[in-house]
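Asker: Sequence and predicted model, in that order:
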Amino acid sequence: MLEDEKKKKIFLKVILGIIILIILITIFSSITTVPTGYVGVKTRFGKVQNDVIQEGLNFKVPFIEKIVKIDCKTQKIETTSEGSTKDMQTVNISIAINYNVNKDTANNLYREIGKDYTNIIINPAILEAIKSSIAGYTAEELITKRGEISNVIQEAIIDKIKDKGFNITEFNITNIDFSEQYDQAIETKAVKQQEVMTAQAELEKQKIQNEKEISEAEKDAKVMEFQNSQITENTLKLKELEVQQKLIEKWNGQLPTTSLGDNIPMLNINK
């Protein structure tokens, strides 16, 4: 009799322990924690619900509802895509993009795509945006209009993923690589341009020197012309004075009956 009572008590304790364990499991199953930077997508019997659980401590129906945690922090993707330019040059463009999942629409993203949205949505959108964008530019424009092309690619990516629940926070083109043949062509062109610029500079220098020499020559010619005119004028005056001197030396004291210009007496000179 005592043994039966003992067995009964043990049985009751086991039953009580099981009940307590079930209660504890139920309690812990009804509580979930969403980390900072995440949102919780609630599913009930596998069906995604419309409400989104925010970060912190949350309650759910145990064994029926499940919380899928979606990372909404800023995520970074670095990738390289090959494409062809407008002038049919092969180019590899490397980009870095920061994005995050929109918390308000995370449940729709999970319903339509699941958690592997990076490979399903983001990467294909980036590659397609790069290819379609650079096709409208020449290889040279990829360098001279890098800022403009960066904006074009960014807008193309945003247009492809904005309706899926993503936000682009930063975008940069990190590198542009052309084929080896094109790099050699660019280098050759740069050398030729430098040679042309050097030749033009030498030509301009020679032109300035020629103009300077011409200016000096014109100046010398004017000086010589002035000097010649002075010499001619002075020579005439000297000749006139010499004539007058000779007339004076030969004058016999008689007044002349005629005169030269400027009232100079015409003297009769007898040798």
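Answerer: That came in fine, so what should we check first? Numbering: from 1, shown residues only.

Asker: quick one: secondary structure of Glu148?
Answerer: helix (DSSP: H, G, I helix; E, B strand; the rest coil).

Asker: Could you count how many residues lie near it?
Answerer: 12 (other Cβ atoms under 10 Å). In this view, the C-beta of every residue, glycine as well, is placed from N, C-alpha and C.

Asker: swap in Gly40?
Answerer: 24.

Asker: who touches it in this structure?
Answerer: Counting by Cβ atoms under 8 Å, 6 or more residues apart in numbering, Gly40 touches Thr32, Val34, Val52, Ile53, Gln54, Asn58, Ile67, Val68, Lys69, Ile70.

Asker: Tell me the one of the residues you listed nearest Asp177?
Answerer: Ile70 (35.4 Å; Cβ to Cβ).

Asker: Wait, that closest one touches Asp116, no?
Answerer: No. Here Ile70 lies out of contact with Asp116, judged by Cβ atoms under 8 Å, at a distance of 11.8 Å.

Asker: Can you read off the pLDDT for Asn228?
Answerer: Looking at Asn228, its pLDDT stands at 63.

Asker: Next: Arg44.
Answerer: Taking Arg44 on its own, its pLDDT is 89.

Asker: For it, name its beta-bridge partners.
Answerer: Taking DSSP bridges as the rule, Arg44 bridges to Lys47, Glu65.

Asker: That one: neighbouring residues, count only.
Answerer: For Arg44, using other Cβ under 10 Å, the count is 12.

Asker: pretty sure it contacts Ile67?
Answerer: No. The criterion here is Cβ under 8 Å, and Arg44 misses it with Ile67 at 10.7 Å.

Asker: before we move on, the earlier item: Ile70 and Asp116: which has the busier surroundings?
Answerer: The neighbour comparison of Ile70 against Asp116 (other Cβ under 10 Å) goes to Ile70, with 22 against 8.
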